[in-house]
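Enquirer: pasting the sequence and the predicted coordinates here, then a few questions.
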Amino acid sequence: MASDFQVSGKNSEALFTLKLHRGDGMTLIAMNWKKGRPPSEFVGFAIEYKEPEGDRFFALKNRLGFPAKDGSVDPGKAAEGLDFAPTHPKASEAYRWMGFEARDAILETLDQAIADEKSKVFVVAYDLNLPEIVSRLEKLGKRLKVIIDDSKDHGEEGSSENEAAERLMASAGADNVKRQHMASLQHNKTIVVDGSKLKKVVCGSTNFSWRGVYVQSNNALVLQGKSAVKQFLAAFQNYWLSDEAKVFGETDCAKWGDLDLPDIDAQVSFSPHATKNALLKKVADDIHDKTTSCLFYSLAFLYQTPGPIFDAIKKVTEDDAIFVYGISDREVGGIDLQKPDGNVAPVFPDTLSKNVPEPFSEEPTGGGGIRIHHKFLVIDFDKLVSTSLFDRD
């Protein structure tokens, strides 16, 4: 199926098929050998790009830079014009690529809610210390209702969460601000916008903090529509009324709820759970029993969390007939590198070290790694899918 978000190469002479899946700020490139297996001398591929209105192609170089004798690093033509100094004097531009899409998604949602004066906003926050988020929540006035975690250092005197709560009590009213933790903490990071026209949810693992937006390898998922808002709003109301994990765990929100998304089988469930409706084993069974060709995952704490999820991923990874690619927040032991035609161990993020150039784009909206920005690059598929890239002579 071809669409603006999925494009296939059309060169019939190419030895492989090519399909590009465009995401926000990056593109996943998928290639399959057309007949049989690649020859033993096949060692890889290269990508060329042409700038808008350009007359020639450039090789997309490795993003890692190597210093010259004088210590300078040339990040390549694609990064020209966005060479930030180590101290980042252009802070506003640097913030955009450091936060990448999660930052843009969160701020865009809040700005849309501020503009839609009839919408109401419901927020559950674990960390809450980023000024650009707190200031936007203040602008919502009494249209905001917020739950802020008060576990451990979040509840200590002088904490950012205490300060945020005081500010929001002043703008939204004390009755619209609740401090809470269930069992050990209230770990949600959700924004629900319920308006006559705007119905939107932001969820995922991105904390509303400096570390969450700019440092940690977090994700934000944006859902739109009445069904998504209905599920998340019901969960918010049950959180508001339930101060104990065992109370919330008995509610329907701790069970699977259908998001009713067109053409997507998507369900959501909210923690904490009661023992009788625990779901990790069911998720693990889905991974183990229903993975038939490929598995992609992003899981925090996989390195230190034994149990059904780890066991299921390990079992699927050992199956050479299934392609597995995953990321965790740290190196994971016990899932080892397989033979060359098998699967790799989970990757994990590391800090950008000295002399690694900043991400590039026409606008400073990206962050990290090799990427093809649809506003910055024009790809000629006849050129890209050329057998000359794989010349074996």
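Expert: Here it is on my side, so go on.
Enquirer: mind checking how far Leu15 is from Ala30?
Expert: 15 Å (CB to CB, to the nearest Å). Quick note: C-beta positions are derived from backbone N, CA and C, even for glycine.
Enquirer: give me the more crowded residue out of those two.
Expert: More crowded of Leu15 and Ala30, by other CB atoms under 10 Å: Leu15, with 16 against 12.
Enquirer: pLDDT wise, what is that one at?
Expert: As summarised for this prediction, Leu15 has a pLDDT of 87.
Enquirer: now it: phi and psi?
Expert: phi -80, psi -10 (degrees, to the nearest 10).
Enquirer: cool, and Ile147?
Expert: phi -110, psi 130.
Enquirer: and it, how many residues sit next to it?
Expert: Ile147 has 21 neighbouring residues, counting by other CB under 10 Å.
Enquirer: who does it form a beta bridge with?
Expert: Val124, Lys178 (DSSP bridges).
Enquirer: check contacts around it.
Expert: Taking CB atoms under 8 Å, 6 or more residues apart in numbering, we find Ile147 in contact with Val123, Val124, Ala125, Lys178, Arg179, Gln180, Gln186, Asn188, Phe236, Tyr239, Trp240.
Enquirer: switch these over to a markdown table; also include pLDDT and distance to Met169.
Expert: Converted to a markdown table, the contacts of Ile147 look like this (pLDDT from 0 to 100; distance: CB to CB, whole Å):
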| residue | pLDDT | distance to Met169 |
| --- | --- | --- |
| Val123 | 98 | 14 |
| Val124 | 98 | 16 |
| Ala125 | 97 | 14 |
| Lys178 | 98 | 10 |
| Arg179 | 97 | 10 |
| Gln180 | 95 | 15 |
| Gln186 | 91 | 17 |
| Asn188 | 93 | 20 |
| Phe236 | 98 | 18 |
| Tyr239 | 97 | 18 |
| Trp240 | 97 | 15 |
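Enquirer: any of those buried? List them.
Expert: Neighbour counting with 16 or more other CB atoms under 10 Å marks Val123, Val124, Ala125, Lys178, Arg179, Gln180, Gln186, Asn188, Phe236, Tyr239 as buried within these.
Enquirer: I'd assumed Leu185 was in contact with the second one.
Expert: No. Taking contacts as CB atoms under 8 Å, Val124 lies outside contact range of Leu185: 11.6 Å.
Enquirer: for stretch 221-238, which outside residues touch it?
Expert: Against stretch 221-238 from outside (CB under 8 Å, 6+ apart): 105, 109, 122, 124, 145, 147, 190, 192-194, 199-204, 248, 251-253, 257-261, 268, 270.
Enquirer: list buried residues within those.
Expert: 105, 109, 122, 124, 145, 147, 190, 192-194, 199-204, 248, 251, 253, 257, 259, 268, 270.
Enquirer: taking those one by one, which sit in helices?
Expert: Ala105, Thr109, Phe248 (DSSP state H).
Enquirer: quick one: the second one from Asn11, how far?
Expert: This points to Thr109. From Thr109 to Asn11 the distance is 40 Å (CB to CB).
Enquirer: now swap in the last one and tell me
Expert: Summarising the geometry, the distance separating Phe248 from Asn11, computed by CB to CB, is 55 Å.
Enquirer: which ones are touching the residue nearest to Ile191 when sequence neighbours are not counted?
Expert: Leaving aside its chain neighbours, Ile191 sits nearest to Val202 (4.3 Å; criterion: CB to CB, 6 or more residues apart in numbering). By CB under 8 Å, 6+ apart, Val202 lies in contact with Ala105, Ile106, Thr109, Thr190, Ile191, Ala220, Leu221, Val222, Leu223.
Enquirer: and the second one, how many neighbours?
Expert: When neighbours are defined as other CB under 10 Å, Ile106 has 25 of them.
Enquirer: next step: the buried ones among the contacts of stretch 221-238 restricted to strands.
Expert: Residues of the buried ones among the contacts of stretch 221-238 located in strands (DSSP state E): 122, 124, 145, 147, 190, 192-194, 199-204, 257, 268.
Enquirer: of these, closest to Thr275?
Expert: Closest approach between those and Thr275, by CB to CB: Gly257, at 19.4 Å.
Enquirer: find me the pLDDT at the closest residue in space to the closest one that isn't next to it in sequence, would you?
Expert: Excluding the flanking residues, the one nearest Gly257 by CB to CB, 6+ apart is Gln231, at 4.7 Å. Listed pLDDT for Gln231 reads 96.
Enquirer: ok but Gln231 is inside a helix, no?
Expert: Yes. Under DSSP: H, G, I helix; E, B strand; the rest coil, Gln231 falls within a helix.
Enquirer: how many neighbouring residues does it have?
Expert: Gln231 has 23 nearby residues by other CB under 10 Å.
Enquirer: Ser184 too?
Expert: Residues near Ser184, counting by other CB under 10 Å, number 10.
Enquirer: element containing it, please.
Expert: Using DSSP states H and E, Ser184 maps to neither a helix nor a strand.
Enquirer: what about the nearest residue to it once chain neighbours are set aside, distance to Glu161?
Expert: Using CB to CB, 6+ apart and skipping residues adjacent in sequence, the residue nearest Ser184 is Ser151, 6.2 Å away. Distance from Ser151 to Glu161, counting by CB to CB: 10 Å.
Enquirer: same check, this time on Asn129
Expert: The value you get for Asn129 to Glu161, if CB to CB is used, is 7 Å.
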